[in-house]
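Visitor: give me a 3D structure for the following:
(chains A and B)
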Amino acid sequence: MNPSIEDRLGSMIRAMEEVVLPELRGRKGLAEEQASLVLGHLHQLRAQAGLNTHYEDAEFRALATLAAELVAAASGGPVTTSAAHELRSAAMPATDDDALRAATVRTSAAIAALIAAAHVDGDTRFRTAVYRQVLGHGAATALRDRSWFAITGFEGPDTELPSMTAALT
Amino acid sequence: MATVHSTSTSAFASTPDRSDLEPGIRAVLDRRALRKAASDVYRVASIAEVEERLSRFLASVAPGLIASGVRRLGGGASKEQFYFEIGGGAAPAQAYVLRMEPIQSISESDRGREADLLNAVRGIIPAPEPAWLDAEGTFFGQPAAIMHFVAGVTKPSDNGNTVTGLGTYLGPDLRGRIAPQFIRNLAAIHALDLADPNLASFQRPDADPWQAARWQVNWWARLHREDVVQAHPVLTLAEEWMYANLPAATDLVMVHGDYRTGNYLFDEDSGEITAMLDWELAHIGDPHEDLAWTLQRIFGSSENGVHLASAMLTREDFIAAYIAQTGRSVDPRSLHFYEILSAYKCVVMTLATGMKTARDRHNHQDVLLTWLAPAGYIFVSELCRLLDEATAP
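Guide: Residues are numbered from 1 along each chain as shown, chains lettered A, B, ... in the order given. Next up, the predicted model:
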């Protein structure tokens, strides 16, 4: 039987907590700080284990939805028209994990290019639509991403975030 | 009494020159681009290597002085830092801190300008005192500065293992002691005489009233372009909004650039601020910029549901204290613009430059940079909220 990812992460966490960090504690140096960060990363990876594909899917789906909305609303001069055409081509679904990541990066870049183009020769109505749609997408996906990384502890005590699984659906 | 004038969108602001940068900052960014392109992986210096470099450096600048007790310091994502001492025996040992630049960091800067500014504030604002400079990295391999050591802490010792400046809790007693000094020091920075010869390396953005804001947007937009790992639609939207809404500034001051809790040392018993730190992003600009940075939510704390800016004062109390201390007026539109710029900068630092630096292995704190990156999503939320309050262009 192969040791599972959970088994290996758990054993690394235990080694850091029970052996490595106690040896370094109190020295107030970079080694203790970085060992603590490694431990934090391991806890984060354990919390996210098994959900990464769902996260990647959710990220691409949200971008593809925004892309479709922006392309449908695009209106303006040649710079805007060309950028909308590029975005339509970029936001194609992928067949495997690596291709999905590449599609996400490509679609993000094409959306950014259309936003910039809208401010060159986009119609006023389209620029207003871009503003609202991008902010709506940004606010929703930032909540998803904050939930995904909530274990970092950067959120204030009064912050309410959806659970990790709820944020991915 | 100085005043800050602000105007709404104008012909200047709507067609800004996106290549206009402070010459000193352009030089820093050009040098950074060359260094990034020419460099492979940044290798963390060993203590033995630092001792050897220190020995060669001191033999050149201060023959006869010997460094001892070299040890690596924690903290900071932008410089490798080492403590050491010189002297001993009959004379008391003097303590120093060596700060060496890695190939790339989340805040690229110029050691020479930093030293100039620290010399200008000496006797006015508590700050580290520069001792020696290796601006070109002749001896240390990378640009480096040696400062006199200053005692103090950046957070109370009972705050646990938090990243400095994030999630700091000061408590009512410390807040009451530190806040007045924090405001006084900010006012003193904003009152520095820009004609001081020590500040000759800082250029004034006075070609037109919008240049102060334009230089800042261009600075950080260039970093965004050069370091983007994955484009974020909100960042592009924010850039376009800022270019269309540059505020005018006629009251130019020295801006610290990273003024917040976490960036000063204090004596935990007395609450006395012993040194304001991290001057490397300083520049001449609009005073609203420092106010907006201090007000960033993530640098604050929350107590009984009340948010405290920089873990000390409510937003309203902080602004009122600044106005009372300086006699300046605070323009809500300018402050709003600089709050958007501040959130934008934080996203660029964490999700673009920080991630690019870690991926390229150009820094000694990759593990910290990848840990900090998700904080960028909190700034994205903040950026969305602030842009939502603004009018669409």
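
Visitor: so what's the most centrally placed residue in chain A up against?
Guide: With distances taken as Cα atoms, centre = their mean, residue A:145 lies nearest the centre of chain A, 5.3 Å away. Under the criterion of Cβ atoms under 8 Å, 6 or more residues apart in numbering or on different chains, the neighbours of residue A:145 are B:374, B:377, B:380. Backbone N, C-alpha and C define where each C-beta goes, glycine included.

Visitor: what about the strands in chain A?
Guide: Here chain A has no strands by DSSP state E.

Visitor: now do the domain split for it, please.
Guide: Using automatic domain parsing, the domain ranges for chain A come out as A:1-49, A:52-150.

Visitor: so of those domains, which one's packed in deepest?
Guide: Ranked by mean neighbour count under mean count of other Cβ atoms under 10 Å in any protein chain shown, the domains of chain A are led by domain A:52-150, which reaches a mean of 18.

Visitor: span of it from start to end?
Guide: Counting by Cα to Cα, to the nearest Å, the length from the leading to the trailing residue of domain A:52-150 is 15 Å.

Visitor: ok now it, how far from the chain's centre?
Guide: 13 Å (Cα atoms, centre = their mean, to the nearest Å).

Visitor: still on that earlier bit, now the buried members of the contacts of residue A:145.
Guide: A residue is treated as buried here by neighbour count (16 or more other Cβ atoms under 10 Å in any protein chain shown); on that basis the buried members of these are B:374, B:377, B:380.

Visitor: surely the first one meets residue A:155?
Guide: Put plainly, it is residue B:374. No. Contact criterion Cβ atoms under 8 Å: residue B:374 and residue A:155 do not qualify, at 10.0 Å.

Visitor: and the gap between the residue nearest to the centre of chain A and residue A:163?
Guide: According to Cβ to Cβ, to the nearest Å, residue A:145 stands 14 Å off from residue A:163.

Visitor: elements contacting the host helix or strand of residue B:338?
Guide: Remark: residue B:338 resides in helix B:332-347, with elements defined by DSSP states H and E. Contact here means 3 or more Cβ pairs under 8 Å, 6 or more residues apart in numbering or on different chains; DSSP states H and E; on that basis helix B:332-347 packs against helix B:211-227, helix B:233-244, helix B:288-294, helix B:375-389.

Visitor: 10 Å instead, please
Guide: Helix B:332-347 is packed against helix B:211-227, helix B:233-244, helix B:288-294, helix B:315-326, helix B:375-389, with contacts defined by 3 or more Cβ pairs under 10 Å, 6 or more residues apart in numbering or on different chains; DSSP states H and E.

Visitor: now render the ones you listed as JSON lines, adding distance to residue A:68.
Guide: Formatted as JSON lines, these follow (distance: least, Cβ to Cβ, whole Å):
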{"stretch": "helix B:211-227", "distance to residue A:68": "26"}
{"stretch": "helix B:233-244", "distance to residue A:68": "14"}
{"stretch": "helix B:288-294", "distance to residue A:68": "35"}
{"stretch": "helix B:315-326", "distance to residue A:68": "39"}
{"stretch": "helix B:375-389", "distance to residue A:68": "20"}
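
Visitor: among those, which comes closest to residue B:302?
Guide: Between residue B:302 and the helices and strands packed on helix B:332-347, the shortest separation by Cβ to Cβ is 12.4 Å, and it involves helix B:315-326.

Visitor: related to what we said a few turns ago, which neighbours do residue B:374 and residue A:155 share?
Guide: Taking Cβ atoms under 10 Å, 6 or more residues apart in numbering or on different chains as the contact criterion, the residues that touch both residue B:374 and residue A:155 are A:146, A:149.

Visitor: point out where chain A drops to low pLDDT.
Guide: A:28 (pLDDT under 70).

Visitor: next: the stretch 101-250 of chain B.
Guide: Scanning the stretch 101-250 of chain B for pLDDT under 70 picks out the ranges B:160-165.

Visitor: which parts of stretch B:111-130 are buried?
Guide: Of the residues in stretch B:111-130, B:111-118, B:120-121, B:125-128, B:130 count as buried by neighbour count, 16+ other Cβ under 10 Å.

Visitor: of the buried ones among the contacts of residue A:145, closest to residue A:21?
Guide: When the buried ones among the contacts of residue A:145 are compared for distance to residue A:21, the smallest value, 22.1 Å, is given by residue B:374; criterion: Cβ to Cβ.

Visitor: and the closest one, how far from chain A?
Guide: Counting by Cβ to the nearest Cβ, to the nearest Å, the gap between residue B:374 and chain A amounts to 3 Å.

Visitor: surely that residue meets residue B:381?
Guide: No. Under the contact definition of Cβ atoms under 10 Å, residue B:374 does not touch residue B:381, with a separation of 11.8 Å.

Visitor: what sits in contact with each of the two?
Guide: A:145-146.

Visitor: helix, strand, or coil at residue B:363?
Guide: Classification of residue B:363 into helix, strand or coil gives coil, according to DSSP: H, G, I helix; E, B strand; the rest coil.

Visitor: isn't it right next to residue B:36, touching?
Guide: No. Checked against Cβ under 10 Å, the pair residue B:363 and residue B:36 is beyond contact range at 11.3 Å.

Visitor: so what sits against both of those two?
Guide: B:103-104, B:357.

Visitor: buried subset of these, written for ChimeraX?
Guide: In ChimeraX, selecting the buried portion of those, with burial taken from 16+ other Cβ under 10 Å, looks like this:
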select /B:103,104,357
